[in-house]
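Student: Any chance you could fold what I've pasted below:
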Amino acid sequence: MGFPGTWMTESESVVYRVVPKCACSTIGQILYYSDHGEFYDGDIHDATTGLHKWSREDSQNLINANVKTHQAYAFTCVRNPYTRILSSFFDKICGIQRNGNRYRGNLVPMLVQKYGIEVGGDDGKGEFDQIASFRRFLLFARDTIRWRKPMDPDIHWSATSGHVSTFICNGGRYDKIIWTEKFNEGMSEVLGKIDTRHEVKLAEIPRFNESEGHGPKRAHPVEDYFDDLSMHLVYEMYKRDFDVFKYDPADPSNKMPVAEIDLDEVHAKLGE
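Tutor: As a prediction, the model looks like this:
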């Protein structure tokens, strides 16, 4: 199985387990900058040099050896399940992707037909009932996660704990899990623990939100998208995320964590 979704600096200073929709573009650029003193010109997910990635065959032995012996500081980043699933909807379902097409080809037409979802027309810019469509998308996401129908869950809405757990189950151990909602605080701690070739001044780092502008703007506060049924579905899908990463399932308006993450608990519960 190895370590899918794992990136490592070429200097092997730090190992990072990518979690989609959790500041991964910004983190990847920070790691790239820490080695090279400049940012990657483009979407860091497209980079095939300058950063070791498990998806690169020539990187796998190096990542495997480093992680198995815990040579480098290892971390990941997580996000509130309510805001993460909402972001996935606006970016991946409503938005036009970098290549000018809809995400995953026939996915959106299938959702329009089978679930009655609206996405703002062909260009994603038309008016539509965001709340009603999002709640229908939640039914689809639940179907993919619970029954793997009409398709397997996509990485952008499969549970964060699932991404985080593969690293543990295959022999890795995290030194830190940071919250997207307290990004500067968490990333500062990570950078303080590693030796970088180039100093990273976190306050000067731009946010590389590669999904920004893909879809329509969110028209309502987060909590407006979640009624009792929606909250039930979100908890059904992301119970472990709420539990181990310390978010509040009872209040969609509170995106902030409510307690400290217990790394021993994470490794015990997600390493089973």
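
Student: Report the residue spans of this structure with pLDDT below the cut-off.
Tutor: Low-confidence segments of the chain (pLDDT under 70): 210-214.

Student: max-length strand in it?
Tutor: Secondary structure of the chain per DSSP state E: the longest strand is strand 73-78.

Student: So which elements touch that one?
Tutor: The contact analysis (3 or more CB pairs under 8 Å, 6 or more residues apart in numbering; DSSP states H and E) places strand 73-78 against strand 14-17, helix 160-169, strand 176-179, helix 183-193. The C-beta positions use only the backbone N, C-alpha and C, and glycine is treated the same way.

Student: one more time with 10 Å, if that's ok
Tutor: Strand 73-78 sits against strand 6-9, strand 14-17, helix 24-36, helix 160-169, strand 176-179, helix 183-193, helix 228-245, with contacts defined as 3 or more CB pairs under 10 Å, 6 or more residues apart in numbering; DSSP states H and E.

Student: after the host helix or strand of Val112, next one along is what?
Tutor: Counting by DSSP states H and E, the element that carries Val112 is helix 107-115. Per DSSP H and E, helix 107-115 leads on to helix 130-147 as the next helix or strand towards the C-terminus.

Student: May I see the buried residues of stretch 140-149?
Tutor: Using 16 or more other CB atoms under 10 Å as the test for burial, stretch 140-149 gives Phe140, Ala141, Arg142, Asp143, Thr144, Ile145.

Student: can you check stretch 170-183 too?
Tutor: Residues of stretch 170-183 classed as buried: Asn170, Gly172, Tyr174, Asp175, Lys176, Ile177, Ile178, Trp179, Thr180, Glu181, Phe183 (neighbour count, 16+ other CB under 10 Å).

Student: export it as CSV, just CAs?
Tutor: Provided in CSV are the C-alpha atoms of stretch 170-183 (Å, rounded to 0.1, in the frame of the first residue of the first chain):
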residue,chain,number,x,y,z
ASN,A,170,1.1,1.6,6.8
GLY,A,171,3.7,2.4,9.4
GLY,A,172,3.9,6.2,9.7
ARG,A,173,3.6,8.3,12.8
TYR,A,174,2.6,12.0,12.9
ASP,A,175,4.4,14.5,15.0
LYS,A,176,1.7,17.2,14.5
ILE,A,177,-1.8,17.6,13.1
ILE,A,178,-2.7,21.2,12.4
TRP,A,179,-6.1,22.8,11.9
THR,A,180,-6.8,24.8,8.7
GLU,A,181,-8.7,27.2,11.0
LYS,A,182,-5.6,27.9,13.0
PHE,A,183,-3.2,27.6,10.1
